[in-house]
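>>> need a 3D model of the sequence below.
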Amino acid sequence: ASTAVEIIDRIAVKVGSKIHVIAVPDILYLQAEGDYVMIHTADGRYLKEQTMKYFEQHLPGNKFVRVHRSCIVNVEIISRVELYEKQNYLLSLQNGQKIKASTTGYKLLKKTLSL
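Model (predicted):
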């Protein structure tokens, strides 16, 4: 039985006593931090008590790819993909940050970007 997974367009995170709402397109990438996920946006990073698996399933799959065990990236902000060492790839983001991608992640990325 395939139940349609709800695709989220915003994520609410607690910042101190406030709730901050992140719009999904503003996410640069998500990084696993133990039982939490660090959500990186252009204006800061936010910790969310949630699993990578959850985000992998609920973020729009045509925009977000799990390029590594511990990282999901927004494909729209990738400016360059290069081979680095063997079987490892390095993604350059538009803000100059670099993220490693595994072979599996790279294949997924290629598929998503229809390369």
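
>>> show me the contact partners of the strand or helix carrying residue 81.
Assigned by DSSP states H and E, residue 81 falls within strand 78-83. Residues outside strand 78-83 that contact it (Cβ atoms under 8 Å, 6 or more residues apart in numbering): 89, 90, 91, 92, 93, 94, 101, 106, 109. C-betas here are computed from N, CA, C, even on glycine.

>>> quick one: contacts for residue 19?
Contacts of residue 19 (Cβ under 8 Å, 6+ apart): 12, 13.

>>> that one: which element?
Per DSSP H and E, residue 19 falls inside strand 18-23.

>>> strand partners (parallel or antiparallel) of whichever helix or strand comes after that strand?
Scanning forward in sequence from strand 18-23 by DSSP H and E, the next helix or strand is strand 27-33. Next to strand 27-33 in the sheet, as set by DSSP bridges, lie strand 36-41 (antiparallel), strand 71-74 (antiparallel).

>>> what's the most buried one of those?
strand 71-74 (a mean of 23; mean count of other Cβ atoms under 10 Å).

>>> for the longest helix seen in the chain, which outside residues touch it?
Longest helix in the chain, counting residues (DSSP state H): helix 103-112. Here helix 103-112 makes contact (Cβ under 8 Å, 6+ apart) with 61-62, 65-68, 71, 75, 78, 81, 87-89, 91, 101, 115.

>>> ok, which pair from those residues is furthest apart?
62 and 87 (25.5 Å; Cβ to Cβ).

>>> between these two, which one's more packed in?
Each of residue 62 and residue 87 has its neighbours counted (other Cβ atoms under 10 Å); residue 62 has more, 12 against 9.

>>> name the SS class of the more buried one, please.
Secondary structure state of residue 62, per DSSP: H, G, I helix; E, B strand; the rest coil, is coil.

>>> can you tell me the closest non-neighbouring residue to it?
In this structure, residue 62 finds its nearest non-sequential neighbour in residue 112, 6.4 Å apart by Cβ to Cβ, 6 or more residues apart in numbering.

>>> follow-up on the earlier one: put the buried members of the contacts of helix 103-112 into a PyMOL selection.
PyMOL command restricting the contacts of helix 103-112 to the buried ones, with burial defined by 16 or more other Cβ atoms under 10 Å:
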select buried, resi 65+66+67+68+71+75+78+81+89+91+101
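
>>> that concludes my questions; thank you for your assistance.
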